[in-house]
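> sharing a sequence plus its predicted fold:
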Amino acid sequence: MHVSILALILLLVPAVRAAEFRVPKATVLTLSLGQELDARKVKKGKEFKAHLYEPVIGEAGRVLIPAGCEAKGKIEDADDRHLTLKFRQIKTPFGKKSLDARLVGVDAESVRLDGNEVESPSRSAGKKVAGAGTTSVGIVKGGIAGAAVKGIGRILFGGDKDLKLKKGTLLRIELKKDLKL
């Protein structure tokens, strides 16, 4: 009896693995920053949280990762005029998953991301369209910039004040490899 139950379990394991879902490489996830990040006050190594702003939809319209799921990151470097962010993990209905992603966009005024010649529009310039390498970045009032630096996003401030990202700032990250769920 016990042997037949074990055999049945072993037969079902490959079927469970076949049902594994993947979010493909190059998918852009939009995150909402969970707290303010003030470049003057945060220290290297500080962790931060963000939440998935829009759900990730898979084949056949199935929601793979619902909006609101928590993502965690770490400050890799900071000073008055820049922040370097690295995204490390996202909680999904399938458990905690490691993220290998690069920052490609920030919805904030007077910021740009190092690594490409992409800058947000100045306050008087209105709307602009910008490209970040092979990643296209949309138009958003208030300015948006996109770029990537070795999987880490280095945000630079081009305004006349210190860099401060408000709670709720939208960050866009692009997966560098498939996210297995």
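That came through fine.
> surely Leu171 meets Leu103?
Yes. Applying C-beta atoms under 8 Å, one finds Leu171 in contact with Leu103, separated by 6.4 Å. Where you see a C-beta, it was placed from the backbone N, CA and C, and this is true even at glycine.
> so where is the chain shaky, pLDDT-wise?
1-19, 114-153, 156-161 (pLDDT under 70).
> and the helices in the protein?
Along the chain, counting by DSSP state H, helices occupy 2-18.
> coming back round to it: who has more neighbours, Leu171 and Leu103?
Neighbour tally, Leu171 and Leu103, criterion other C-beta atoms under 10 Å: the higher count belongs to Leu103, 29 against 24.
> what separation do you get for the more buried one and Leu64?
21 Å (C-beta to C-beta, to the nearest Å).
> for the residue lying closest to Cys69 once chain neighbours are set aside, give me its contacts.
Once flanking residues are discounted, Cys69 sits nearest to Leu52: 4.5 Å by C-beta to C-beta, 6 or more residues apart in numbering. By C-beta atoms under 8 Å, 6 or more residues apart in numbering, Leu52 lies in contact with Leu29, Thr30, Leu31, Ser32, Ile65, Pro66, Ala67, Gly68, Cys69, Glu70, Ala71, Ile90.
> out of those, the closest to Gly58 would be?
Distance to Gly58, by C-beta to C-beta, is smallest for Ile65 among the contacts of Leu52, at 9.0 Å.
> which strand residues bridge that closest one?
Val56 (DSSP bridges).
> which ones are touching it?
Taking C-beta under 8 Å, 6+ apart as the test, what Ile65 contacts is Val23, Leu52, Pro55, Val56, Ile90, Thr92, Pro93, Leu181.
> just Lys177 next, same as before
Residues counted as contacts of Lys177 (C-beta under 8 Å, 6+ apart) are Lys25, Asp100.
> I'd like the numbering to begin with 9 instead of 1 from here.
Sure, I'll start counting at 9 from here, so that last one is Lys185.
> isn't Asp170 up against Val50?
No. Using C-beta under 8 Å, Asp170 is not in contact with Val50, being 11.3 Å away.
> rewinding a little: can you flag which of the contacts of Leu60 belong to strands?
Filtering the contacts of Leu60 for membership in strands, criterion DSSP state E, returns Leu37, Thr38, Leu39, Ser40, Ile73, Glu78, Ala79, Ile98.
> against Ala116, how distant is the fifth one?
When distances are taken as C-beta to C-beta, Ile73 and Ala116 turn out to be 24 Å apart.
> next, the buried residues of stretch 30-41.
By 16 or more other C-beta atoms under 10 Å, the buried positions in stretch 30-41 come out as Val31, Val36, Leu37, Thr38, Leu39, Ser40, Leu41.
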